[in-house]
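Asks: what follows is a predicted protein model with its sequence.
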Amino acid sequence: MNETQRKFGLLSPRKQLREVASLVDAFQRLLAGSSPDNGQPDTPLINDISQRLHWMTEAGLFPGRLPRWTAAFDSLIRMTGSNATRRAILAATNNLWHDMAERAEISVREENFIVRTDDRSTPAGCAFPCDVVLDNIRSAFNTGSIIRSADGFGVRQVFLTGITADQDNPKVQKTAMGSTASVSIRQHPSLHTLINEKKRSGSAVYAVETVEGSGNLMYEEFRFPMCLIMGNEEYGIPEDYLAASDRIIHIPMYGRKNSFNVGVSCAIVLYAARQQWDLRQSRGPGSTQD
């Protein structure tokens, strides 16, 4: 028995498991930070985890779970030397860590959830002729969320007006999850001027607002190219700009509240617009409304 094993054996079973879980956490962070073609990860770290799992097995600890943990670790080590995807290896490692952490009563923090998916280097599809205007959006978190949705639905451009935080704001960056780099974002000094510019360029301007006489999104037939205006969470879009828009639409609500969060609302409308665009494109150019 070497000194490392002796000291490890003096720990309580829970502390032993916490030490192993800490090593597994270091292993998954190493994997998460490596490029897909870096090959076999750190061998000493692998050996440290394997040894401690072996020592715990010899001591008869956690008989209901230790065989499962050992088998899971052996499996993911084989995966690192195979053609398994980086996503699959990260998922297996993260699952093992969470199972150990639960038994060791380790508090799980946000940073313990390792991202399991790799973003693409290029868009999965073509952009569609839709611009989004964020006017006086109070919450930078909502702005970041909308920018992420804009990337997901292939929006052409996002315009920021009024007090809306720009893409360098840390809160925007947090919820945008890197999509500020993949979306064309511009600040514009005047919503009034922007609406006129979009109309002159042939875009249909849609304002999303819960006002009397607005059209139900469920039955709206969008005209493309289009420009979508999302307004302040509390005060909405000023009446002058509503009047300048081609259409005012609302999302039907079936609960007690009369509206969704602005980030959720934007995603819902973008989904509906993208669905119509894709359907018309699949039917051929003659079916697309201009």
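Replies: In hand now; what should we look at?

Asks: can you list the weak-confidence ranges in this protein?
Replies: Applying pLDDT under 70 to the chain flags residues 34-42, 115-118, 285-290.

Asks: and the contacts of stretch 57-76?
Replies: Contacting residues not belonging to stretch 57-76 are listed as 9, 13, 16-17, 24, 49-50, 53-54, 56, 89, 92-93, 95-96, 99-100, 103 [CB atoms under 8 Å, 6 or more residues apart in numbering]. C-beta coordinates here come from the backbone N, C-alpha and C atoms, glycine included.

Asks: residues of it that come out buried?
Replies: Using 16 or more other CB atoms under 10 Å as the test for burial, stretch 57-76 gives 61, 62, 66, 69, 70, 72, 73, 76.

Asks: try stretch 171-191
Replies: Within stretch 171-191, the residues scored as buried using 16+ other CB under 10 Å are 172, 173, 175, 176, 179, 180, 182, 183, 185, 191.

Asks: could you do stretch 187-207 as well?
Replies: Those would be 191, 194, 195, 198, 203, 204, 205, 206, 207, for stretch 187-207 by 16+ other CB under 10 Å.

Asks: so who does the fourth one touch?
Replies: When contacts are counted by CB under 8 Å, 6+ apart, residue 198 touches 131, 205, 227.

Asks: all the strands of the stretch 1-150 of the chain, residue numbers only.
Replies: 128-135 (DSSP state E, counting those that start in this stretch).

Asks: in it, which spans are helices?
Replies: Taking DSSP state H, counting those that start in this stretch to define them, one finds helices in the stretch 1-150 of the chain at 3-10, 13-33, 43-58, 66-80, 86-104, 140-153.

Asks: and residue 111, which of these is closest to it?
Replies: The closest of those to residue 111 is helix 13-33. By CB to CB, the value is 9.1 Å.

Asks: rewinding a little: take the buried residues of stretch 171-191 and keep only those in strands.
Replies: residue 185 (DSSP state E).

Asks: can I have the buried ones of the contacts of stretch 57-76 as a PyMOL selection?
Replies: The following PyMOL line selects those of those that are buried, judged by 16+ other CB under 10 Å:
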select buried, resi 16+17+24+49+50+53+56+89+92+93+96+99+100+103
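
Asks: residue 234 looks like it's in a strand, true?
Replies: No. Counting by DSSP: H, G, I helix; E, B strand; the rest coil, residue 234 is not part of a strand but coil.

Asks: and of the buried residues of stretch 57-76, the nearest to residue 85?
Replies: residue 76 (12.4 Å).

Asks: quick check: that closest one vs residue 185, distance?
Replies: Counting by CB to CB, to the nearest Å, the separation of residue 76 from residue 185 is 39 Å.

Asks: please apply the same query to residue 110.
Replies: With CB to CB as the criterion, residue 110 and residue 185 are 26 Å apart.

Asks: the helices in the stretch 151-290 of the chain, which residues?
Replies: Remark: helices assigned in the stretch 151-290 of the chain by DSSP H, counting those that start in this stretch are 170-176, 191-200, 239-244, 262-283.

Asks: export these to a markdown table and tack on distance to residue 29?
Replies: Below are the helices of the stretch 151-290 of the chain laid out as a markdown table (distance: least, CB to CB, whole Å):
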| stretch | distance to residue 29 |
| --- | --- |
| helix 170-176 | 20 |
| helix 191-200 | 44 |
| helix 239-244 | 48 |
| helix 262-283 | 30 |
